[in-house]
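K.L.:
A structural model of the following input is requested.
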Amino acid sequence: MKYWFFIAFIFFLKKGITQLQPIGDWREELPYNSAIDVTADDHTIFCATPYSLFTVDTRNNSIDRLSRITGLSETGISTIRYDAVNKKLIIAYSNSNIDIIYRNDIYNIPDIKRSSVPGDKTIYSIYSPAGQDSYYLSTGLGIIVIDGNKNEVKDSWFIGNNGSQVKVNAVSGDTSFFYAATDEGLKKAPANVADLSDFSNWQLMSGANGLPAGVCKNVWNLQGKIIAEESDSLFLWDGSNWSLFYADGEPIVNSNVSENKLLLCQRYSNGSSKVSVLEADGSVSRVLTQPTVISFPRKAILFQNEPWIADLYGGLSHFTTSSFAQYKPNSPEATASGEMTVFNGIFYATAGEVNDSWNYQYDGNGIYIFKDGDWTNVNRYRFHQLDSMLDFITIAIDPADETIWAGSYGGGLLHVNSSQSFEIFKQNSLIGAAIGDPSSYRVSGLAFDTDKNLWISNFGAAQPLLVRKKDGSWKNFSTPFLLDQNSLSQIVIDDNNYKWIVSPTGGNGLICYDQGSSIDNISDDRWKLYKTGTGSGNLPSDNVLCIAKDKDGFIWVGTSNGIAVIQCLPDVFSASGCDAVWPVVKEGNFAGYLFQGQEVRSIAVDGAGRKWVATKNGVFLISPDGEQVIYNFTEDNSLLLSNDVKKIAIDGKSGEVYFATFKGICSFRSTATEGGEANSDVLVFPNPVPPGFSGTIGIRGLVNNAIVKITEMNGRLVYQTRALGGQAVWDGRDYKGRKISSGVYLVLISDDGRTEKKATKIVFIGK
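P.N.:
All right, here's what the predicted structure looks like:
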């Protein structure tokens, strides 16, 4: 047996935190741990993930990210290709959009994405013949030709039987022919024929002269020799017949020609993998089998005769003769669909998800923690103790010690101590198994009350509500209502210590629970069920999706048919009751109920009392009373990664708003922060204001809703505003809208009673 001795180097991209994220700026938090494609220019390795790109500069091993935030057109990549002759990077996205990066410019070609032609428009590979500025895209429709000079679609070749659509897996060529690896087999056409869009010019090669019939997965020109991949074997064409070039009986994931050699990615039936380097005569010159790094190789290239491998689980790796380096930009493990929260400046997210019927999704990506610019991933892949804990969908931070409590939908309750040791509660606690599924312990909602007791939704259990008291003892409760599946999920605790609990299946509605004088005495407990209809709660729909408590203590309820607000909370259990009201939002000359007809999936309240609302149609920011739409972010008008937004969380100190979208996590630096009781650590940024600055100036660390005046040094008023919570914003113009001159200005801060006063300075630098 041959043993390798190596030194592994892992390079992490860490985000700097020395500068505040400017107000109005976006940031992506995409997963970069999974690699699906790799290509290279003279000194840069480009690595594609299912979401975006990163690069490695081989001169200094520095890593950079390319994403929608930095100018790319989309999130979600299918394949990439570098054209070494014309020095262009071609990026094909999963929605069939295309970007071409040339020098410092990005040219978008949306023609295929926008095309109304039905069928599979996925781009599977890109062929760029040397000496041409044309790119041949292998798609589910056929071959689509891109003019790299005009940056537009030049032609479409539907080469299936009788001119039908056929999935083309790869294209290659030599001086005489184009070759297309299709699901109908390998086809070729003369390169000089006038009309290659005419299917009759394409000859089927599979099923004759030694090449088996059936799907052809790939085709390559290796030093003038045509190599075809069929049935996990490689075949060589000598001009008249095919002969076996290479086969070892194991499945081929990908084959690729690089630096005049063929690199073969394989994954064995037992789960192990290897990458082989084949010479032009079919001999194997090198085999790479490093476990964990090569676990599911998707693409391999040579760069200066050294392999670089894109692996679905191992990221990007670089192999020398005796060592390897692994490149994984610091990032969350994957996307997030469960609850998110921010506590003391640290962002937490859960990766799990359930579908609309609250069935398992078997997501093992766990919990993401973002602190001081670094991501930590807690999941079964890194900690074997969590093997049985899938679908984490809820999270809460213990205010007593800042340890993490997270709920798995099926695996019970996880407590992550500060030392990253774990406690798991399921059959060894009062957490009950789901009725009819005795091995499933479903924790679907968590919240701490002001006494630091942890309230827990135990979905499907006979007693679905329970509490772990501050002293470590437990108590569980039965609901007095007949609920579909005994389903409970999100919990919010209001200023009266009432527990508001979503019951998310079967149109159960919303529950309010009052524990009375003590947790242990159930004789004075009170329960109220909110549903549709006057006198029954007056919700817009019985299908409740989310809840939130605002600055006034009101409960905002998101449903499948818009939003309702419960305002008369002291009267909830009175004889007269406390029905919800439906805010009316005004848009132009029209007015309607807030988000009527839309699914409201998540509501978060910022420092100014405004509500951020997640929908399938993007993100909305509405005024504190819900009567005005301030922002509506979509993919088309902003850098939001996807219109399909699942959850929202807000860092009240910084004003950063996090969005969990279908395509990944992103954030927006908003204008509002949490206000304090005093002006403390007041910060103006940017300060000094650089020449030509046209962004938003922030003044943070203020007393709640402070009055802020900008004056010249002689006291003449330039501008006045109020803080949004604990932060005021200013565009650098005076009250008449004129850009102010260079110089030093005073910033005077006070509260309404003039008891909290503060002064600081801001400097504007001219050209």
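
K.L.:
which stretches of the stretch 601-750 of the chain form strands?
P.N.:
602-605, 611-615, 618-622, 629-633, 645-650, 656-661, 664-669, 683-685, 697-700, 707-711, 717-722, 727-730, 743-750 (DSSP state E, counting those that start in this stretch).

K.L.:
check the stretch 351-500 of the chain too.
P.N.:
Using DSSP E, counting those that start in this stretch, strands in the stretch 351-500 of the chain cover 367-371, 374-378, 392-397, 404-410, 412-416, 422-425, 441-448, 454-459, 465-468, 474-477, 491-493, 499-503.

K.L.:
before we move on, back to that, ok, which of the strands of the stretch 601-750 of the chain comes nearest residue 76?
P.N.:
strand 664-669 (8.9 Å; Cβ to Cβ). All C-beta atoms are positioned from the backbone trio N, CA, C, and that covers glycine.

K.L.:
between the closest one and strand 367-371, how many degrees?
P.N.:
30 degrees (axes from the mean of the first three to the mean of the last three Cα atoms, to 10 degrees).

K.L.:
mind giving me the packing neighbours of strand 664-669?
P.N.:
strand 26-29, strand 656-661 (3 or more Cβ pairs under 8 Å, 6 or more residues apart in numbering; DSSP states H and E).

K.L.:
pLDDT wise, what is residue 753 at?
P.N.:
The model reports residue 753 with a pLDDT of 82.

K.L.:
return the backbone torsion pair for it.
P.N.:
phi -90, psi 0 (degrees, to the nearest 10).

K.L.:
if we can go back for a sec, any idea which of the strands of the stretch 351-500 of the chain gets closest to residue 134?
P.N.:
So among the strands of the stretch 351-500 of the chain, strand 374-378 is nearest, using Cβ to Cβ, at 40.7 Å.

K.L.:
in the closest one, what's buried?
P.N.:
375-378 (16 or more other Cβ atoms under 10 Å).

K.L.:
same question, stretch 56-64
P.N.:
Buried-residue list, stretch 56-64, by 16+ other Cβ under 10 Å: 56, 58, 63.

K.L.:
kindly report the same for stretch 348-363.
P.N.:
In stretch 348-363, counting by 16+ other Cβ under 10 Å, buried: 348-354, 358, 360, 363.

K.L.:
how long is it from one end to the other?
P.N.:
17 Å (Cα to Cα, to the nearest Å).

K.L.:
what mean pLDDT does that stretch have?
P.N.:
94.

K.L.:
can you check stretch 213-223 too?
P.N.:
Mean per-residue pLDDT for stretch 213-223: 97.

K.L.:
with just CA atoms, put that stretch into PDB.
P.N.:
What follows is stretch 213-223, C-alpha atoms only, in PDB (Å, rounded to 0.1, in the frame of the first residue of the first chain):
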ATOM      1  CA  ALA A 213     -26.000   3.100 -28.600                       C
ATOM      2  CA  GLY A 214     -27.600   5.300 -25.900                       C
ATOM      3  CA  VAL A 215     -26.900   8.400 -24.000                       C
ATOM      4  CA  CYS A 216     -23.500  10.100 -24.600                       C
ATOM      5  CA  LYS A 217     -22.500  12.100 -21.500                       C
ATOM      6  CA  ASN A 218     -19.400  13.900 -22.800                       C
ATOM      7  CA  VAL A 219     -17.100  14.400 -25.800                       C
ATOM      8  CA  TRP A 220     -13.500  15.800 -25.900                       C
ATOM      9  CA  ASN A 221     -10.700  16.600 -28.300                       C
ATOM     10  CA  LEU A 222      -7.600  15.300 -26.600                       C
ATOM     11  CA  GLN A 223      -4.500  16.200 -28.600                       C
END
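
K.L.:
picking that back up, same list, the buried residues of stretch 348-363, but as CSV with distance to residue 100 please.
P.N.:
Putting the buried residues of stretch 348-363 into CSV (distance: Cβ to Cβ, whole Å) gives the following:
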residue, distance to residue 100
348, 39
349, 34
350, 38
351, 33
352, 38
353, 35
354, 40
358, 44
360, 42
363, 35
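
K.L.:
tell me the one of those nearest residue 696?
P.N.:
residue 349 (26.8 Å).

K.L.:
for residue 50, see how far away the residue most central in space within the chain is.
P.N.:
Geometric centre of the chain, nearest residue: residue 664, 0.6 Å, by Cα atoms, centre = their mean. Relative to residue 50, residue 664 is positioned 9 Å away (Cβ to Cβ, to the nearest Å).

K.L.:
for burial, what's the neighbour tally of residue 584?
P.N.:
Residues within reach of residue 584, counting by other Cβ atoms under 10 Å, total 13.
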